[in-house]
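Participant: Just to be clear, the model below is a prediction. Sequence and coordinates:
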Amino acid sequence: KQEVTQIPAALSVPEGENLVLNCSFTDSAIYNLQWFRQDPGKGLTSLLLIQSSQREQTSGRLNASLDKSSGRSTLYIAASQPGDSATYLCAVRFGSGGGADGLTFGKGTHLIIQP
Amino acid sequence: GAVVSQHPSRVICKSGTSVKIECRSLDFQATTMFWYRQFPKQSLMLMATSNEGSKATYEQGVEKDKFLINHASLTLSTLTVTSAHPEDSSFYICSARDRRGPMNTEAFFGQGTRLTVV
């Protein structure tokens, strides 16, 4: 069964710290991996998309890495701010890129940045 | 990026009634649309996939007669929760993908619908 696991489930850190969120997946045959942010009661905001052929992607203070062989991805957040508080979701598109492939989501990491 | 609009954002309905949720791609043709459900403190779970010109494919454990999906056009998909019960209360969110050209890479998500059945 294809599964996505995120660790930790929750994290609370003081403002300004650098932090790493972890995602692991059970099948290395992935098409791409995507990190999302979800605010309470809201939809999803796409943060970074990594294709299976890529090792990392960067956007501002965010950096996501991908190691297919070990089935892992990390989301690195630099110089965290209170506005970064949200739930971060890792989602994997398994398969070879067929148009009908949905995403398999982890349960998320609930992040709180203390002012 | 592409925009997907989902409506309504919140709905409260009585047990036994039906509720329709709309998902529209505003600036691209969505040849594939996906419906997900998220229960509290759980991950988003794929319910069904619909492709242009064909019936929806439902994930194991999802009742197709209860959750009616109609990919009415290349820019609109609807999810109808029939004879809703309190256990159907959840967050429903759609995503859309254009599998033609470079937009095949990413699926774009709507804002989600919070359904409460009382």
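Facilitator: Ah, there it is. Given the structure is predicted, the values throughout are model-derived calculations rather than measurements.

Participant: Look up phi and psi at B:Ser9.
Facilitator: phi -80, psi -30 (degrees, to the nearest 10).

Participant: can you pull the contacts of the nearest residue to A:Ser69 once chain neighbours are set aside?
Facilitator: Distances taken as Cβ to Cβ, 6 or more residues apart in numbering or on different chains place A:Ser28 nearest to A:Ser69, at 6.2 Å, with adjacent residues excluded. Bear in mind the C-beta positions are built from the backbone N, C-alpha and C, glycine included. Listed by Cβ atoms under 8 Å, 6 or more residues apart in numbering or on different chains, the contact partners of A:Ser28 are A:Lys68, A:Ser69, A:Gly71.

Participant: State the three-state secondary structure for A:Ser28.
Facilitator: Using DSSP: H, G, I helix; E, B strand; the rest coil, the structure places A:Ser28 in coil.

Participant: how close does it get to A:Asn22?
Facilitator: As judged by Cβ to Cβ, to the nearest Å, A:Ser28 and A:Asn22 stand 16 Å apart.

Participant: so where's chain B shaky on pLDDT?
Facilitator: B:1, B:99-105 (pLDDT under 70).

Participant: Would you tell me which residues of it are close to chain A?
Facilitator: By Cβ under 8 Å from any Cβ of the partner chain, the residues of chain B that approach chain A are B:1, B:6, B:31-32, B:34, B:36, B:41-46, B:49, B:51, B:57, B:93, B:95, B:97, B:99, B:104-112, B:114.

Participant: In helices, which of those appear?
Facilitator: Among the residues of chain B next to chain A, none falls in helices (DSSP state H).

Participant: Of these, which count as buried by neighbour count?
Facilitator: Listed as buried from those are B:6, B:31-32, B:34, B:36, B:43-46, B:49, B:51, B:93, B:95, B:97, B:99, B:104-112, B:114; burial here means 16 or more other Cβ atoms under 10 Å in any protein chain shown.

Participant: Bridge partners for A:Leu48, pull those for me.
Facilitator: Note on A:Leu48: beta-bridge partners A:Trp35, judged by DSSP bridges.

Participant: Can you report how many residues lie near it?
Facilitator: Neighbour count for A:Leu48, taken as other Cβ atoms under 10 Å in any protein chain shown: 19.

Participant: who's in contact with it?
Facilitator: So A:Leu48 contacts A:Gln34, A:Trp35, A:Gln57, A:Thr58, A:Ser59, A:Leu62, A:Ala64, A:Leu75 (Cβ under 8 Å, 6+ apart).
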